[in-house]
Every structure is written in structure tokens, then in C-alpha cells.
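Student: I'd like to go over a predicted model; first the sequence, then the structure.
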Amino acid sequence: MFLGILQAALYKNLNGHAGLAGWQWLFIVSGLITIAWGFLGLLIVPDSPSNTRALWLTLDERKLAYDRVAAQNIAPAEFVSKSHLWTRIKATVRSPLSWLFTAAYLQFAWSQRANSYFLLYLKGLTRADGSKLYSTYKVNLLPLGGYALSIVFNIGLNAISDRFRWRLQISVLAATIQLVACSVLSAWPNSTPTIMTFYYITFTTAAWGYALIAWLAEILRREPESRALLIGVVVTLTYVGHATIPLRAWRVSDAPRYPIGFPLATAFAAGGIVNLFAIWWYVRRHPELVEHGFGGVPDEIEEGEVDGKAAEADEEFGHDSKVRV
């Protein structure tokens, strides 16, 4: 939403200033903001309770976070040896769950690409006399309604997901809405209000991916390295897809109907639903994943090791700590 407002303001006030077009000013201003937030993130992003360097967290708050994670039987992310990391990487690659999650998330992310071309659609709308229906200023503002819907539905649906642990249900619900919306856009009805309505509806479905990530965190609560690895892989592959898929599926020459793009987004939504149920089926068949991770059985821990971890926590937090291992 902020970027849409910024685009409209830059076009209105800086287009042509100092010999630069509005879109060039957008790159400059957005780039500076991105760099500033990146450096600020080094100071404020909390990371894991066991290794956080966030300046705004007190020792008591760090201990509270660590204890709450331990109380849920979740293994917190910690610095590990290279040999341990390599072992966890091999276990992650060998697990069917990793491949099911990767397929489910990528189809979510690539299907969501469907609403990225709303601006081009709005820009191309014309009146009967051939004049533009919306000015460039309005074209930059109209998608704000979609982003507002995205915020409301993301927070609302994921609040329900957290409250009732409805990871599968919320993911499937959002994916189904995406399936319907992209199906209508694939048919491309001869009605501007209908097309705009279903374009806006595609903005309401992003909760699908976030509920899926929360579900993964619950399933792999004993595998912090695998969680981090899988998230890193799917985010990387998502952007690889965003850089390559549009070259064929979302070509500018195919605007605004995109005869390949919308059917492909529909297929991704359908495939994502199939993968979500496959994850549910696999976890039901392998309930040991949740309690023990990929190993199937808990690691044997000597009493002395437990005492040692408690002593380390006491030293780090500055007072007596109860660490559950």
C-alpha cells in the first residue's frame, strides 16, 4: 500500500524533475528506503531466543522467550557444527515431507503472481472514444484496495489459523478461493466490473502460504535446521520462478487476457491443494515427525548434558534458569 501511494506521489510531484522520469525517481527513493531498512534489520530483527542479539530485548525477555519455546517442545535454532548441519541437510533432502512442502509452497507463490498484472490491466482500460479510463495517478492508487484486502484477510485468516490450529483448513480455503478467481480470469468474461472484482479477490488469498509455513514449523518443531533450510530453498526458488515463468506465461504481448498465465495460476492453485492434502496424509502416517523429527526417535541425552545446558543458560541470562531439553 505504501509503495502504491509513493508511486502516485512521485509521478504527480517529481515526474520530469531534474530530467528524471517518475519511474526513475521511484527506483531511487525505493532503493534508499530498502537499504536503510536492511541495515536497521541488523539491529532489531530478534532471530532465535538462544542466539538473539536484538538490542531491544532484555535478559529477562530473552529467558522468557527461550522458556516458552522449550515449553512447547520446540527445538530452538542454535549454532551447530558443520558435521551436524550436514547430517540434518541429508535427512531433510531424504524426507518426502520436504518435497511435498516445497511443491506446495512454490505453487502458492507462483499462483499469487496472478495479481501482479492488475496495474497493466487498469492502464489498458479505455472508454468508447478510445481515451484512457483512468489516469496514471489513479492507476497507481486503485490497487491499494487489493493490498488493503490482503492485510485484512492475512491477519484475519491467520488469526483463526493460530487460534484453532487450522493450518490445513485455512490453507485449503485460501487456495480454493484463488482457484475460483483464477478460473474466472482464465475465462475472461466480457465485463470490466467482473474482471476487476476477481482481480481484487486474488489479493485475499495470500494467507495460504503463511498458514503453510506455520504448519511446517509445527510439524518440524524438533528440526530447526531443516525448517531454516526449507524456507531458504523455497524463497530462493520462488524468485527464480518469478524471474523466468513470466517470460512465457505473463508476456506483455499477451496482456490483458494472459491465455497462458491465468490457466497456469489456476493449475498451481489446484496442485497446491493436492499437495496440502498430501502433507496432511503423510504426517498422519508418520506422527513421530512432530515429537522426534526426521530421526524417528529422540536423541539420547545424558543427565550431565542437561545440567550443562542449564548451567549455560544460567550464565547467559544471569540467574537461575530452567531449561527443558
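Tutor: That came in fine, so what should we check first?
Student: Ramachandran angles for the residue of the chain most remote from its centre?
Tutor: Relative to the centre of the chain, the most outlying C-alpha is that of Asp129, 42.7 Å out, by CA atoms, centre = their mean. Backbone torsions of Asp129, given as degrees, to the nearest 10, read phi -90, psi 0.
Student: Would you check that Val290 makes contact with Leu216?
Tutor: No - taking contacts as CB atoms under 8 Å, Val290 lies outside contact range of Leu216: 11.4 Å. For every residue, glycine as well, the C-beta is placed using N, CA and C.
Student: out of the two, which sits in the more crowded spot?
Tutor: Leu216 (23 against 14; other CB atoms under 10 Å).
Student: Can you tell me the closest non-neighbouring residue to that one?
Tutor: Phe101 (5.6 Å; CB to CB, 6 or more residues apart in numbering).
Student: Can you classify the one you found by secondary structure?
Tutor: helix (DSSP: H, G, I helix; E, B strand; the rest coil).
Student: Now do the contacts for it.
Tutor: Leu212, Leu216, Leu230, Val234, Ile279 (CB atoms under 8 Å, 6 or more residues apart in numbering).
Student: Could you rerun that using 10 Å?
Tutor: Each residue near Phe101 by CB atoms under 10 Å, 6 or more residues apart in numbering is listed here: 95, 212-213, 215-216, 219-220, 226, 230-231, 233-234, 275-276, 278-279, 282.
Student: residues of the strand or helix carrying Gln169 that come out buried?
Tutor: If you go by DSSP states H and E, Gln169 is part of helix 167-187. Within helix 167-187, the residues that count as buried by 16 or more other CB atoms under 10 Å are 167-168, 170-186.
Student: Stretch 223-239 too?
Tutor: Glu223, Pro224, Glu225, Ser226, Arg227, Ala228, Leu229, Leu230, Val233, Val234, Thr238.
Student: what's the spacing between it and its chain's center?
Tutor: 11 Å (CA atoms, centre = their mean, to the nearest Å).
Student: got the CA positions of that stretch in PDB?
Tutor: The C-alpha trace of stretch 223-239 is given here as PDB (Å, rounded to 0.1, in the frame of the first residue of the first chain):
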ATOM      1  CA  GLU A 223      14.200 -29.800  13.300                       C
ATOM      2  CA  PRO A 224      15.300 -26.100  13.500                       C
ATOM      3  CA  GLU A 225      18.000 -26.600  10.800                       C
ATOM      4  CA  SER A 226      15.500 -28.300   8.400                       C
ATOM      5  CA  ARG A 227      13.000 -25.500   8.900                       C
ATOM      6  CA  ALA A 228      15.600 -22.900   8.100                       C
ATOM      7  CA  LEU A 229      16.900 -24.800   5.100                       C
ATOM      8  CA  LEU A 230      13.400 -25.400   3.600                       C
ATOM      9  CA  ILE A 231      12.300 -21.800   4.000                       C
ATOM     10  CA  GLY A 232      15.600 -20.600   2.400                       C
ATOM     11  CA  VAL A 233      15.200 -23.100  -0.500                       C
ATOM     12  CA  VAL A 234      11.600 -22.200  -1.300                       C
ATOM     13  CA  VAL A 235      12.100 -18.500  -1.100                       C
ATOM     14  CA  THR A 236      15.100 -18.700  -3.500                       C
ATOM     15  CA  LEU A 237      13.100 -20.900  -5.900                       C
ATOM     16  CA  THR A 238      10.200 -18.600  -5.700                       C
ATOM     17  CA  TYR A 239      12.200 -15.700  -7.000                       C
END
